[in-house]
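>>> what's the 3D shape of this:
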Amino acid sequence: MPILNRAAELQEEVAGWRRHIHQKPELNFDVFETAAFVTEKLKEFGCDEVVTGIGKTGVVGIIRGGKGNGSTVGLRADMDALPITEITGKPYASQTPGKMHACGHDGHTAMLLGAAKYLAETRNFAGSVAVIFQPAEEGGGGGNEMVKDGMMDRFGIAKVFGMHNMPGLPVGQFAIRPGPIMAATAEFTITIKGRGGHAAMPHGTIDPIVIASQLVGALQTIASRNTDPVESVVVSVTKFHAGDAYNVIPETAEIAGTVRSLKKDVARKAEERLRQLCAGIAAAHGTTIEVDYDANYPVTFNHPEETVFSGDIAAEVAGDAQVQRTIQPVMGGEDFSYMLEARPGAFIFIGNGDSAGLHHPAYDFNDEVIPHGVSYWVKLAEKALAA
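Take a look at the predicted model:
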């Protein structure tokens, strides 16, 4: 079945909501205006319940079907933005310096609002739909907070589904895979404690910059020499801070970065090896290296049955030829992983067309995607909760 006529009719209205949200980006859990806007719309649509403050600032709307009792399916969108200065020049560009919707969460929220409006109008299903609007996906673990807050049990959610736009994938196409679709993530900060001194007399110092430089190279052997080549792991050093003057060797240096993998055992071995390298290099130079290692988002793992179901729904909307069912995993992280650990479900990508990449200051969500996304959500809910 192609795009729903009603979803096409809603496109302009939903795009207006999206652009309103885009102009007022908020970070992490501080999505107060966005959550208030979502709450207002859900009440306006006539949702049977609208509950705020789930996982600090999350919002859940419950829409009961008109075909009797049944289970509850959860549909999730994220609401938070990023600490990036926008350069799109669009008339609806961010009005807050240093913050922008550079990952399309404004579009995700707007599409789920469009689906909520449609489902509240028609109620052509048995059971209930829980529309989940989550804060703090960009590093704050808002999905985990909503799960820990008892969301799944409180609303009786049996299955849960998520969706994210993908630049480079044509508008009207979808992509999914069973099993790991996005990576587990970890963040590390490594502090090298040397002995400072005059740059002209390095022999009297323990130079933390030289040691940190050796460590940057050594960390790359975790992927190239310590991990099976057929496995996936990424170790990236993204910060290097040391020194303040041309003629002073500093006391300390700090490097930081991220580790990403698709399997728990690979993630564990990467952490072990990182710590071993730090200890070995510290011993070789007669100094101390401290490691702060934070394993955060787990692997986003699509459940097999729900993955097939999601792909079939996407094919109803777009046609089977427009659905990639075995996309390569993406090494970015996604805290929808916590919801998939709590309940069966699947995470799917929807094409954003030829746009700038995610987390880029020139990125903008493509409003032409809206009818496809709204149709996907509606058809998924109706089919999952068929009488």
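
>>> distance check, Glu121 against His20.
21 Å (Cβ to Cβ, to the nearest Å). Quick note: C-beta positions are derived from backbone N, CA and C, even for glycine.

>>> cool, Gly114 as well?
Distance, Gly114 to His20, using Cβ to Cβ: 13 Å.

>>> ok, back up a step: compare Glu121 and His20 and say which is more crowded by neighbours.
Neighbour tally, Glu121 and His20, criterion other Cβ atoms under 10 Å: the higher count belongs to His20, 15 against 12.

>>> my guess is Ser128 meets Arg64, correct?
Yes - judged on Cβ atoms under 8 Å, Ser128 makes contact with Arg64 at a distance of 5.0 Å.

>>> quick check: neighbours shared by those two?
Common contact partners of Ser128 and Arg64 (Cβ atoms under 8 Å, 6 or more residues apart in numbering): Asp48.

>>> domain assignment for this structure?
Domain assignment for the chain, taken from automatic domain parsing, gives 5-182+300-384, 184-295.

>>> phi, psi for the residue nearest to Pro202 when sequence neighbours are not counted please.
Nearest non-adjacent residue to Pro202, counting by Cβ to Cβ, 6 or more residues apart in numbering: Ile249, 6.3 Å away. Main-chain dihedrals, Ile249, degrees, to the nearest 10: phi -80, psi 120.

>>> partner strands of the helix or strand where Ile190 lies and their direction?
Using DSSP states H and E, Ile190 sits within strand 184-193. On the basis of DSSP bridges, the sheet neighbours of strand 184-193 come out as strand 252-261 (antiparallel), strand 288-295 (antiparallel).

>>> of all the ones you listed, which lies closest to Val210?
Among those, the nearest to Val210 by Cβ to Cβ is strand 252-261 (8.9 Å).

>>> CA-only coordinates of that closest one in CSV, if you can.
Below are the C-alpha coordinates for strand 252-261, written out as CSV (Å, rounded to 0.1, in the frame of the first residue of the first chain):
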residue,chain,number,x,y,z
THR,A,252,50.1,16.6,32.4
ALA,A,253,48.4,15.7,29.1
GLU,A,254,44.9,14.4,28.5
ILE,A,255,43.5,12.5,25.6
ALA,A,256,39.9,11.4,25.2
GLY,A,257,37.8,9.5,22.7
THR,A,258,35.3,6.8,21.9
VAL,A,259,35.2,3.0,21.4
ARG,A,260,32.4,1.5,19.3
SER,A,261,31.7,-2.2,18.7
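
>>> I'd like the next helix or strand past that strand.
helix 264-285.

>>> pull out the buried positions in that next one.
Residues of helix 264-285 classed as buried under the neighbour-count rule (16 or more other Cβ atoms under 10 Å) are 266-267, 269-271, 273-274, 277-278, 281-282, 285.

>>> of all those, which comes closest to Asp294?
Closest approach to Asp294 among those (Cβ to Cβ): Glu271, at 10.2 Å.

>>> quick check: pLDDT value at the closest one.
Per-residue confidence (pLDDT) for Glu271: 98.

>>> go on, Ala387?
Predicted confidence (pLDDT) for Ala387: 75.

>>> could I get the contacting residues of it?
Applying Cβ under 8 Å, 6+ apart, we find Ala387 in contact with 65, 67-68, 70, 125-126.

>>> which one of these sits closest to Ile313?
Using Cβ to Cβ, the contacts of Ala387 come closest to Ile313 at Phe125, 13.3 Å.

>>> SS state for the residue nearest the centre of the chain?
Most central in the chain under Cα atoms, centre = their mean is Glu334, positioned 3.4 Å from the mean C-alpha point. Following DSSP: H, G, I helix; E, B strand; the rest coil, Glu334 is assigned to coil.

>>> how about Ile157, nearest residue that isn't a chain neighbour?
Take Ile157 and drop its neighbours on the chain: the residue closest to it by Cβ to Cβ, 6+ apart is Gly74, 4.2 Å away.

>>> for stretch 122-132, which residues meet the burial criterion?
Buried, per 16+ other Cβ under 10 Å, within stretch 122-132: 123-132.

>>> I'd like these laid out as CSV, including secondary structure, distance to Ala200 and pLDDT.
Putting the buried residues of stretch 122-132 into CSV (DSSP: H, G, I helix; E, B strand; the rest coil; distance: Cβ to Cβ, whole Å; pLDDT from 0 to 100) gives the following:
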residue, secondary structure, distance to Ala200, pLDDT
Arg123, coil, 79, 98
Asn124, coil, 79, 97
Phe125, coil, 77, 98
Ala126, coil, 80, 98
Gly127, coil, 76, 98
Ser128, strand, 73, 98
Val129, strand, 71, 98
Ala130, strand, 67, 98
Val131, strand, 66, 99
Ile132, strand, 61, 99
